[in-house]
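> Next input, structure requested:
(2 chains)
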Amino acid sequence: VSAPTSALRTGRDPYHLGHAPSTGAPEYTGHGAGGPAPKRIVVGYGFWIFILSDVILFSCFFAAYTVLIHARNGGPGPELFELRNTAEETACLLLSSFACGLASLAVGRRSLLWTEVALAVTGLLGLTFIGLEAHEFYGLVSRGDGPTHSAFLTAFFSLVGCHGVHVTAGLLWLGTMMAQFPAKGFKESIRHRYLCFSLFWHALDIIWIGIFTVVYLIGKITP
Amino acid sequence: MTLLGKLTWQAIPLGEPLPLYSGLAVAIMIAAVLVWVVRRGHLPYLWREWITSVDHKRIGVMYCILAGVMLLRGFIDAIMMRTQQAVALNAPGFLPPSHFDQVFSAHGTIMIFFVAMPFVIGLMNVIVPLQLGVRDVAFPTLNSVSFWLTAAGALLVNLSLVIGAFDRTGWLPYPPLSELRYSPGVGVDYYCWAIQISGIGTLMTGINFVTTILKLRAPGMHYTRMPMFCWTALAANLLIVAAFPVLTATLGMLLLDRYVGFHFFTDTAGGNSMLFMNLIWAWGHPEVYILILPCFGVFSEVVSTFSSKPLFGYRSMIYATMAICIISFMVWLHHFFTMGAGAEVNSFFGIASMIIAIPTGVKIFNWLFTMYGGTVRLATPMLWSIGFMVSFVIGGMTGVMLAVPPADFQLHNSLFLVAHFHNVIITGVLFGAFAGYTYWFPKAFGFVLDERLGKWAFWLWLIGFWVAWGPGYVVGLEGMTRRLDHYSVAEWRPWLLVAEGGVAIILAAIIAQIAQIVVSVRTREQRRDLTGDPWDGRNLEWATASPPPSFNFAALPNVADQEPYWDMKARAREIGHLVRPEPDYQPIMMPRNSPTGFVSAFFATVTGFALIWHIWWLVLLGLAGAYATFVVFAWRDHDEVLIPAEEVARLDRANRAARTTRLQERIAEREAQRESDQ
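Have a look, this model is predicted:
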């Protein structure tokens, strides 16, 4: 019996939050009567809460950006942005998330080779994204449109840069995970950690979609 | 650029002897304690049992100790300010303005971030997992990291006494004053990095406790069976998760302005300082409720226990808590009605602020009705609660006055405002923390605090508070603005002298509290709490030994209703023996101790210090060290220790024996009572 089916059969996981373990021990979702939730649920849930807090951190930078968008100090506005570079960045990040999803499947099948391959692809695409972003930033700064020129540019560099810093931290984490899989195998704790990493990586995509829309797309129609 | 960045010998404030000598005195005291600890051979014990401990009870105790020590530091600042204002009528007083500004900034920063926060988080740490009937929080090692990061922040604030200077812009660094142009020194940087580091710790606490409360509860504990303290802790931690990222982002923006010349709040090149006010208070107002909600929870527990009645209106209390939790995010603008947002905006925020008084009023009435008809025992925790109810209502009403925009235009930045928030924070948060501290002390340490000195402390604090801050309302209405290092209005002087007297009374109260600890520790053998239930409590924290074993419960309790332990006791009296038969003792896996928290806080302190002084190579070193710490932690294989079944049995049997004895006594008492009635 596959794990989701057994969870359906026992009816103990009405929200499909967790798969019933193969031992047949009862598993509860923590909604009330069942007692402490299993470790996988606790770890994943805690990390979700962290992601929510991170989204709130970004929302401040989004708010600052929209407040300061017209404060240009005589300098340029959003007409500055190149959509082509942005499209390439977006493609990299989304494909990277796809590769991260493939890595999750490989972890599920306990295939070390494919896990490492998929993670390497995830990382390379992430690295390309960072490279493209650095390229964009470098171009702007070298033209004299750096973050110190106006409040608008300050807010732009901070919002997009904050996402870039997150991706960089994610890459550091990814590298650590790629070392951990061969060294530690598919231990439960390592799989939980990978679950958190993939949540993080996908969440950064969602943030990027927000940046793509609010900064670049709307920027094209903002006077 | 030099090897040590901006740091030179000039940073030692030889020109300002007061902070230098007091800082040195503290440093010598700490060194003396360290020498004593090492000479007596306590270091291995401290390292093993406390510094590396991931036990939520130990971490909670350390949080409370940190809060107590920092309360002394913040209170010394208070004495200095009150004394300065008592003598500074048409005179410079004894503090130069630059020092006075540091004192009021440090006082606010310390009291909010390093006294009130650690105190409520400490109480939550000790009690929430016990009340939920589980063995630990969701992420025990993260919990230790949280604590040590908070301690690192406190250390940085105190370091500014002897190396450099602290922030002079008030407890919130309002730009443009806090921008590099007007505050070129390291004070604002000390503030920002200390708060960033401790803020990350607090955020992790929030994540940890939300997960713990929502996902780890004893079997049968539905949401509507959770003790009120757990509910308020849940609300407070949800607020932490939603609000602290805003603080991190806002201070991050200020730091970007200061370090790399950005223009968020500079008011030049398009920067907008009012953006800072909006963002900081979007954190700051929920922060107030992060502090007060857990204290409301403490009062709920204490009032119910010492009235020997279930909490009146349990469900309405939940609704009130969650209503406050949500509305607290919709009132931030009342901190700057004078910004000029217009009548509509000010009206909205004025009304939203007044609405918060409604759920708070619900709570007050619920506590009163809990006492009504109950057998009220006036033990120290109950005194704190009653003192709170009487005083807090006044603080709440002055708050509603300030929520009226036209009135606020007059009272803004006056001592009336300062008196208001001291009224709610001292008689609300601090009294709540003290109530919780005296109530749960026996649970944490296994003996009861001295009641006589506790009552002295309570009365001195209550009277001292009103003598110190009653005059604040008066001079505020007479037009005295806050943060004056000198003044020329003779009518204020008598009131400020009275306030100085109030500070002396509070000093006596604090001495009584220290004496209470000393006396209680010395006579602890006579004050042992053998059963684990010294106050005839109602919730699960009293269902285990005092102090609880590291695993809290030998077998997880089964919860059948809202006051599980009270019902267990009632049924035990009926059937004449403990309700639960001796469990089949199993070995228990508990998380292993880890120095991760201590080591990462060490690197955080190094990084923070290096950032403050622009020592860039040390910044890189600190960050690399922090990353290495996490990798080492992630690499360990054995993260749990096994407590053998015999050990579990030994500890639990001893507690069961004590409880059985107590049960027999109670049954005998009841028989005797019945006979004498007949």
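
> Okay, and residue 163 sits in which element?
Chain wasn't specified; assuming chain A. helix A:151-184 (DSSP states H and E).

> buried residues in that helix?
Going by neighbour count (16 or more other CB atoms under 10 Å in any protein chain shown), the buried part of helix A:151-184 is A:151-160, A:162-164, A:166-167, A:170-171, A:173-174, A:176-178, A:180-181. The C-beta positions use only the backbone N, C-alpha and C, and glycine is treated the same way.

> Mind giving me the packing neighbours of it?
The helices and strands touching helix A:151-184, judged by 3 or more CB pairs under 8 Å, 6 or more residues apart in numbering or on different chains; DSSP states H and E, are helix A:39-68, helix A:112-142, helix A:188-211, helix B:228-260, helix B:616-635.

> Go again with 6 Å.
With contacts taken as 3 or more CB pairs under 6 Å, 6 or more residues apart in numbering or on different chains; DSSP states H and E, helix A:151-184 sits against helix A:39-68, helix A:112-142, helix A:188-211.

> Give me the helices and strands touching the second one, please.
Packing partners of helix A:112-142 (3+ CB pairs under 6 Å, 6+ apart): helix A:83-108, helix A:151-184.

> Give me the secondary structure label for the residue of chain B found nearest chain A.
For chain B and chain A, the shortest gap (CB to the nearest CB) falls at B:Gly270, measuring 2.8 Å. Following DSSP: H, G, I helix; E, B strand; the rest coil, the label given to B:Gly270 is coil.

> again with the one 5 residues further on
For B:Leu275, the secondary structure call by three-state DSSP comes out as helix.

> quick one: low-confidence parts of chain B?
Scanning chain B for pLDDT under 70 picks out B:1.

> neighbours around B:Leu132, how many?
27 (other CB atoms under 10 Å in any protein chain shown).

> which non-adjacent residue is nearest it?
If the residues on either side of it in the chain are set aside, B:Leu132 comes closest to B:Arg217, at 4.7 Å by CB to CB, 6 or more residues apart in numbering or on different chains.

> And B:Phe276, by the same measure?
Using CB to CB, 6+ apart and skipping the chain neighbours, the partner closest in space to B:Phe276 is B:Phe265 (4.4 Å).

> Surely B:Val188 touches B:Ser178?
Yes - the criterion here is CB atoms under 6 Å, and B:Val188 meets it with B:Ser178 at 4.8 Å.

> what helix or strand is B:Val641 on?
strand B:640-643.

> Show me which positions of the helix or strand just after that strand end up buried.
Following strand B:640-643 in sequence order, the next helix or strand is helix B:645-677 (DSSP H and E). Buried residues in helix B:645-677, defined by neighbour count with 16+ other CB under 10 Å: B:647-649, B:651-652, B:655-656, B:658-659, B:662-663.

> Let me have those in CSV, extended by distance to A:Pro78.
Listed next are these as CSV, based on distance: CB to CB, whole Å:
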residue, distance to A:Pro78
B:Glu647, 66
B:Val648, 65
B:Ala649, 70
B:Leu651, 66
B:Asp652, 67
B:Asn655, 68
B:Arg656, 71
B:Ala658, 72
B:Arg659, 70
B:Arg662, 73
B:Leu663, 74
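
> Make a markdown table out of the residues you listed and add distance to chain A.
Listed next are these as a markdown table, based on distance: CB to the nearest CB, whole Å:
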| residue | distance to chain A |
| --- | --- |
| B:Glu647 | 22 |
| B:Val648 | 18 |
| B:Ala649 | 22 |
| B:Leu651 | 21 |
| B:Asp652 | 19 |
| B:Asn655 | 22 |
| B:Arg656 | 22 |
| B:Ala658 | 27 |
| B:Arg659 | 23 |
| B:Arg662 | 28 |
| B:Leu663 | 27 |
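
> Please name the nearest non-neighbouring residue to the residue lying farthest from the centre of chain A.
Largest separation from the mean C-alpha position in chain A: A:Gly74, at 35.2 Å (CA atoms, centre = their mean). Using CB to CB, 6+ apart and skipping the chain neighbours, the partner closest in space to A:Gly74 is A:Ser150 (7.6 Å).

> Would you mind listing the residues in contact with that neighbour?
A:72-73, A:75, B:269-270 (CB atoms under 6 Å, 6 or more residues apart in numbering or on different chains).

> Ramachandran coordinates for it?
Main-chain torsions, A:Ser150, degrees, to the nearest 10: phi -150, psi 160.

> And it, what's its pLDDT?
Note on A:Ser150: pLDDT of 96.

> Please state the backbone phi and psi of the nearest residue to B:Gly220 once chain neighbours are set aside?
Excluding its sequence neighbours, the residue lying closest to B:Gly220 (CB to CB, 6+ apart) is B:Val559, at 3.7 Å. Note on B:Val559: backbone dihedrals following degrees, to the nearest 10 are phi -100, psi 130.

> can I assume B:Val559 is in contact with B:Tyr223?
No - with contact defined as CB under 6 Å, B:Val559 and B:Tyr223 do not form a contacting pair (11.6 Å).

> And these two? Which one has more around it.
Each of B:Val559 and B:Tyr223 had its neighbours counted (other CB under 10 Å), and the higher figure belongs to B:Val559 (25 against 14).

> Identify the residues contacting the more buried one.
By CB under 6 Å, 6+ apart, the contact list for B:Val559 reads B:218, B:220-221, B:225.

> Using just helix, strand and coil, how would you label the closest residue to chain B within chain A?
With CB to the nearest CB as the measure, A:Ala71 is the residue of chain A nearest to chain B, at 2.8 Å. With three-state DSSP as the basis, A:Ala71 sits in coil.

> what residues are up against the closest residue to it other than its chain neighbours?
Spatially, and ignoring its direct neighbours in sequence, A:Ala71 is nearest to B:Gly270 (2.8 Å; CB to CB, 6+ apart). Neighbouring residues of B:Gly270 by CB under 6 Å, 6+ apart: A:71, A:73, A:150-151.

> What is the burial count for B:Ala116?
B:Ala116: 28 surrounding residues under other CB under 10 Å.

> thinking it is in contact with B:Leu291, fair?
Yes - under the criterion of CB under 6 Å, B:Ala116 makes contact with B:Leu291 at 4.9 Å.
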